[in-house]
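Trainee: Need the 3D shape of this:
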Amino acid sequence: MKSNILKTINLRGYGKKYSGKTRDFYIVEDKRIIISTDRISAFDRVLGHIPQKGKVLNLLSAFWFEKTKDIIPNHLISVPHPNVMIVKNAKLIPIEMVVRGYITGVTGTSIWGSYEKGDRIIYGIKFKNGLRKNQKLLRPIITPTTKATQGHDKRLTKKEILKNKIVSKNVYSKMEKISLKLFERGTKICEKKGLILVDTKYEFGIYKNKLILIDEIHTPDSSRFWIKKTYKQRFFKGLEPENFDKEFLRLWFKKHGYSGDGIPPKMPKKFRALVSTRYIDVFKKITGEKLTSKNLPIENSVKNLI
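Mentor: Numbering: from 1, shown residues only. You can find the predicted model right below:
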């Protein structure tokens with residue numbers, strides 16, 4: 001298993017390496033080389049490594065960028081390797097546009113956690129009494145958060161975003177409309193594959209004075225997916241939905257007493273293999289393709305591309 005895990009990589013001749021929670025990247029002029037590693041994060045913390053995860057996120061994002069490019073241009077230029085994207089070096093807008101179709105979640109930014117405690121105004125949005133966990137909302141809502149480079153993401157409201165001038169009213173309005181269109185497109189495609197797109201997040205940037213979609217889109221890291229066939233039956237029985245996303249991992253850590261603070265428990269080898277299988281299965285289910293098993297040298301794949 002160890003030989004199949006990509007923890008990080010050092011590329012020579014491309015300058016300084018930057019590292020996020022799950023990806024490494026290099027900036028070369030107006031482009032970025034993004035390497036999706038097998039690091040896995042939850043509760044805004046890196047919690048270990050999952051075999052093949054990087055490939056799934058990279059190739060699945062490429063799939064969705066292609067499926068949504070008519071809604072908004074994105075940063076993708078090429079995919080020279082299963083773990084690598086060459087993208088436009090856009091200026092990040094430090095807001096995560098989280099779109100939710102259901103009331104659920106176990107993290108600090110989830111709406112269910114606040115609702116369960118008695119809050120009825122969450123992210124500036126009023127919720128009625130009597131909602132149950134995992135219930136479908138009347139319509140998708142946007143609950144923005146900060147884009148934290150370290151620590152936890154924090155909740156935002158539209159009012160706070162405009163008051164603090166994080167972006168202009170015009171740009172934020174575009175981000176709202178585009179986010180809902182992307183969610184609608186993702187929902188329709190997922191339904192055809194027997195999945196429910198429960199919630200997800202989108203990130204935007206400015207490139208050559210234009211708004212574009214960046215980061216990742218509709219992956220098991222950025223989204224929740226439930227099995228459509230069994231959702232209603234399990235909901236009425238009070239059971240958790242069958243999922244195809246990182247919630248499985250979050251629930252495991254929650255069960256073992258970890259919610260983002262302190263030292264996380266170590267994932268057993270069998271559990272990591274199970275998580276890997278889930279990531280691969282959601283890739284196959286959405287794309288209809290088999291995940292490549294080739295482990296090509298990344299260094300050779302990016303030569304002469306920048």
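Trainee: what helices or strands is the longest strand along the chain leaning on?
Mentor: Scanning the chain for the longest strand, with DSSP state E as the assignment, gives strand 195-207. Counting contacts by 3 or more C-beta pairs under 8 Å, 6 or more residues apart in numbering; DSSP states H and E, strand 195-207 is packed against strand 91-92, strand 95-103, helix 169-192, strand 210-214, strand 223-227, helix 228-236, helix 269-287. C-beta here means a position set from N, CA and C on the backbone, and glycine is covered the same way.
Trainee: Output the ones you listed in TSV; the columns should cover mean pLDDT.
Mentor: Shown next, in TSV, are these (pLDDT from 0 to 100):
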stretch	mean pLDDT
strand 91-92	97
strand 95-103	97
helix 169-192	98
strand 210-214	98
strand 223-227	95
helix 228-236	98
helix 269-287	95
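Trainee: Let's have those in TSV, adding distance to Leu131.
Mentor: Listed next are the helices and strands packed on strand 195-207 as TSV, based on distance: least, C-beta to C-beta, whole Å:
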stretch	distance to Leu131
strand 91-92	34
strand 95-103	5
helix 169-192	20
strand 210-214	31
strand 223-227	17
helix 228-236	12
helix 269-287	27
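Trainee: Out of those, flag the one nearest Gly130.
Mentor: Nearest of the helices and strands packed on strand 195-207 to Gly130, taken as C-beta to C-beta: strand 95-103 at 11.2 Å.
Trainee: Following element in sequence after that closest one, please.
Mentor: Of the helices and strands lying after strand 95-103 in sequence (DSSP states H and E), the nearest is helix 111-116.
Trainee: just the CA coordinates of that following helix, formatted as CSV?
Mentor: Provided in CSV are the C-alpha atoms of helix 111-116 (Å, rounded to 0.1, in the frame of the first residue of the first chain):
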residue,chain,number,x,y,z
ILE,A,111,-26.1,24.0,9.3
TRP,A,112,-27.5,20.9,11.1
GLY,A,113,-25.1,21.4,14.0
SER,A,114,-26.4,24.9,14.7
TYR,A,115,-30.0,23.9,14.0
GLU,A,116,-29.8,21.0,16.4
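Trainee: Could you measure from Gly105 over to Arg185?
Mentor: 22 Å (C-beta to C-beta, to the nearest Å).
Trainee: The two: which has the busier surroundings?
Mentor: Each of Gly105 and Arg185 has its neighbours counted (other C-beta atoms under 10 Å); Gly105 has more, 22 against 17.
Trainee: In contact with the more buried one: list those residues for me.
Mentor: 111-113, 199, 224 (C-beta atoms under 8 Å, 6 or more residues apart in numbering).
Trainee: And those residues, which is closest to Val275?
Mentor: Set against Val275, the nearest of these by C-beta to C-beta is Arg224 (14.8 Å).
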